[in-house]
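# Task: produce atomic coordinates for the following.
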Amino acid sequence: MLLLYIGISIILLIYFYFKKCFSFWKDRGFVYMEPSIPLGSFGSVGFKEHLSEFMRREYNNFKDKGPAFGIYLLTNPGVVITDPELIKEVCSTSFEHFHERGLYVNEKADPLWKNLFTAGGQEWRDLRAKLSPTFTSGKIKMMFPIVVGAADRMVEYLKFEEITHESLEIKEIFASFMTEVIANVAFGLDIKCLGHPDNEFRKVTRNVFEPPKLKNFENFVIFSFPKIATFFNLGINSKHVIDFFMGTVRENMEYREKNNIRRNDFFQLLIDVKNSDVGMSFNEIAANSFIFFAAGFESSSSIMSFCCYELALNQDIQDRLRTEIEEVAERYNGEVTYDGIREIKYLDMVFNETIRIYPVVDTHVRKCTKDFKIPNTDLVIPAGTAVLIPAVGLHHDEKYFENPDVFDPNRFSDENIKKLVPHTFIPFSEGHRMCIGQRFGTMQVKLGLVKLLRNFKILPCNKTLIPMKYTPNSGFQSPFGGMWLKLEHIN
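Prediction:
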């Protein structure tokens, strides 16, 4: 009987603990999503639906109820911003309140995870100042030939008779293409992934984005219970991934400096920063080479995949884009050049419409570092609160984009783009923490698409997902079961 009373007491204590935690937003006057014990607001995410589907639905449920609404990540309070003016405050005007992402960092356990993306405060400002000069248009143009070489290899690979063009999982092709590009640019490695799925670099990249189940559970603990993760000295990346990337950076840096070798790539620019008056440590070079790879690889291959998907379903758009590509190429003697790609206006429109429907990051995250009173309200976002900006919700809001589920590149014509409501199209975030690698990522995706469309017609096949369905437990929006399309050679 005593054990029964103890059991009941424990259950009641747990229940009242959750009730107290889940009164956080009610006590502060916010509208909020009713949580459930023990997962809070996110019980369905990762199991029944992808985060983007959850955020889009809840954005629609709350967008007319105020500038923001409360949610719970387990018992931790978070706030979702629905008002474009408040997004401007968070990203730009009141940046001093929201300069951090609030991500878990344990440099001792995982030195790769202390980088520009995860840093905050003065550390972030110092890193941004060091890295910004490496992402100018001139520096990116300098790397263009590397991307051209990888894109040409992709096209040649797709021309092999052994490739089954009737039903092709295109995302893996693009993932290999992007791996070749970024391995070359960020680490100085001239690798071949296309046709070589067992390449060591490609295997390690899979481990980063598709970790084993045990590592997935460990990362759940890290993001949900950071104090426990710190106590057990847990890191985001596995030891194998850390050792591989740290070793790769060390070997290549020592080889270049010993043999006085220079290359036109991102890795060389980091070495130059290290040897300048500004300075950069080995760990900083390794960590920022890694995040350049991690941020650019998955996002770029996803954008290419979703763009090809929409072009397959909209042949008139594909035909118009191919025609404009050839018209511009003619002005450059049939060659694909850096300046020529920038002149293909319709390609820019197609690219933007793709990342509107399928934003690279569906939800941007910030951390409130000191109490912030929302203008024209009595609501205060307390310090320490996670702030979520649902790009996917804004991008599909009929108030800002008529017929938002329709793929229509004309939304981004010179005339229509002027009509966009500020801070409603935010695929790369906004303000001071806007993606620093946006230009390079955009360039490699556009170049890959141009090379592909000049050689192949893209069509749906019997495995193509119509309508699109996402893998619930994927970090990015990822087609359930892969992106299957058909390619036809253009003679």
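
# All the strands of the stretch 1-150 of the chain, residue numbers only.
With strands called from DSSP state E, counting those that start in this stretch, the stretch 1-150 of the chain shows them at 68-73, 76-81.

# May I see those strands arranged in TSV, with distance to T471 as well?
The way it works is simple: take the backbone N, C-alpha and C, and place the C-beta from them, glycine included. Formatted as TSV, these follow (distance: least, CB to CB, whole Å):
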stretch	distance to T471
strand 68-73	21
strand 76-81	23
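
# Figure out which of the ones you listed is closest to F18.
Ranking these by proximity to F18 (CB to CB) places strand 68-73 first, at 9.5 Å.

# Quick one: distance of the closest one to the chain centre.
From the chain centre to the centre of strand 68-73 is a distance of 22 Å (CA atoms, centre = their mean, to the nearest Å).

# Compute the inter-axis angle for that strand and strand 76-81.
150 degrees (axes from the mean of the first three to the mean of the last three CA atoms, to 10 degrees).

# Residues touching strand 68-73, excluding its own?
The contact list for strand 68-73 (CB atoms under 8 Å, 6 or more residues apart in numbering) reads 21-22, 24-25, 28, 30-33, 35, 40-42, 58, 62, 77-83, 86, 224, 374, 379, 381, 386, 388.

# before we move on, back to that, may I see the strands of the stretch 1-150 of the chain arranged in JSON lines, with mean pLDDT as well?
Output for the strands of the stretch 1-150 of the chain, formatted as JSON lines (pLDDT from 0 to 100):
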{"stretch": "strand 68-73", "mean pLDDT": "96"}
{"stretch": "strand 76-81", "mean pLDDT": "96"}
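
# just so I know, which of these lies nearest E298?
Here strand 68-73 is closest among these (CB to CB), at 22.3 Å.

# okay, the strands of the stretch 1-150 of the chain in CSV with distance to G437 and mean neighbour count next?
Below are those laid out as CSV (distance: least, CB to CB, whole Å; neighbours: other CB atoms under 10 Å):
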stretch, distance to G437, mean neighbour count
strand 68-73, 27, 22
strand 76-81, 24, 23
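
# buried sites along the top helix by length along the chain?
Counting residues, the longest helix found in the chain (DSSP state H) is helix 282-313. By 16 or more other CB atoms under 10 Å, the buried positions in helix 282-313 come out as 284-313.

# on that earlier part again, are any of the contacts of strand 68-73 buried, and which?
Among the contacts of strand 68-73, those classed as buried by 16+ other CB under 10 Å are 21-22, 24-25, 28, 30, 32-33, 35, 40-42, 58, 62, 77-83, 86, 224, 374, 379, 381, 386, 388.

# Tell me the spacing between H240 and N207.
The gap separating H240 from N207 is 7 Å, by CB to CB, to the nearest Å.

# between these two, who's got more neighbours?
Legend: neighbour count by other CB atoms under 10 Å for H240 and N207, higher for N207 (16 against 11).

# what's the closest non-adjacent residue to the more buried one?
Distances taken as CB to CB, 6 or more residues apart in numbering place V241 nearest to N207, at 5.6 Å, with adjacent residues excluded.

# How many residues are close by the one you found?
V241 has 20 nearby residues by other CB under 10 Å.

# That one against L112, yeah?
Yes: using CB atoms under 8 Å, V241 makes contact with L112 at a distance of 7.5 Å.

# Contact partners for G481?
Counting by CB under 8 Å, 6+ apart, G481 touches K463, L465, T471.

# And these, which is closest to Q268?
Ranked by distance to Q268 (CB to CB), the contacts of G481 are led by T471 at 36.5 Å.

# circling back to that earlier point, which residues are common contacts for V241 and L112?
Common neighbours of V241 and L112 (criterion: CB under 8 Å, 6+ apart): none identified.

# right, and D397 touches A391 too?
No: when contacts are counted by CB under 8 Å, D397 is not listed as touching A391 (10.8 Å).

# between these two, who's got more neighbours?
The residue with more neighbours, out of D397 and A391, is A391; 28 against 19, by other CB under 10 Å.

# count of neighbours near the nearest residue to that one once chain neighbours are set aside?
Leaving aside its sequence neighbours, A391 sits nearest to P359 (CB to CB, 6+ apart; 4.4 Å). P359 has 28 neighbours, counted by other CB under 10 Å.

# how close does P359 sit to S429?
Separation of P359 from S429 (CB to CB): 10 Å.

# Report the set of residues contacting both of these two.
A391.

# Give the burial count for I8, as a bare number.
For I8, the neighbour count with other CB under 10 Å is 10.

# Let me see the contact set for V273.
Counting by CB under 8 Å, 6+ apart, V273 makes contact with K130, L131, T134, G279, M280.

# From S281, how far off is it?
Distance from V273 to S281, counting by CB to CB: 10 Å.

# Output the below-cut-off pLDDT ranges for the stretch 101-250 of the chain.
Within the stretch 101-250 of the chain, the stretches with pLDDT under 70 are 161-165.

# Tell me where it has helices.
Listed in chain order, the helices found in the stretch 101-250 of the chain under DSSP state H, counting those that start in this stretch are 121-131, 137-158, 170-187, 200-209, 213-224, 226-231, 239-259.

# I'd like the ones you listed as TSV, with distance to M434 appended.
Formatted as TSV, these follow (distance: least, CB to CB, whole Å):
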stretch	distance to M434
helix 121-131	11
helix 137-158	16
helix 170-187	20
helix 200-209	23
helix 213-224	23
helix 226-231	26
helix 239-259	25
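
# of all those helices, which lies closest to D408?
Across these, the minimum distance to D408, taken as CB to CB, is reached by helix 170-187, at 22.5 Å.

# Of all the residues in the closest one, which ones are buried?
Neighbour-count burial for helix 170-187, counted by 16+ other CB under 10 Å, picks out 170-187.

# Repeat that for stretch 261-279.
Within stretch 261-279, the residues that count as buried by 16+ other CB under 10 Å are R263, D265, F266, F267, Q268, L269, L270, I271, V273, K274.

# Give me the three-state assignment for the spatially closest residue to the fifth one that is not a sequence neighbour.
Spatially, and ignoring its direct neighbours in sequence, Q268 is nearest to R262 (5.8 Å; CB to CB, 6+ apart). With DSSP: H, G, I helix; E, B strand; the rest coil as the basis, R262 sits in coil.
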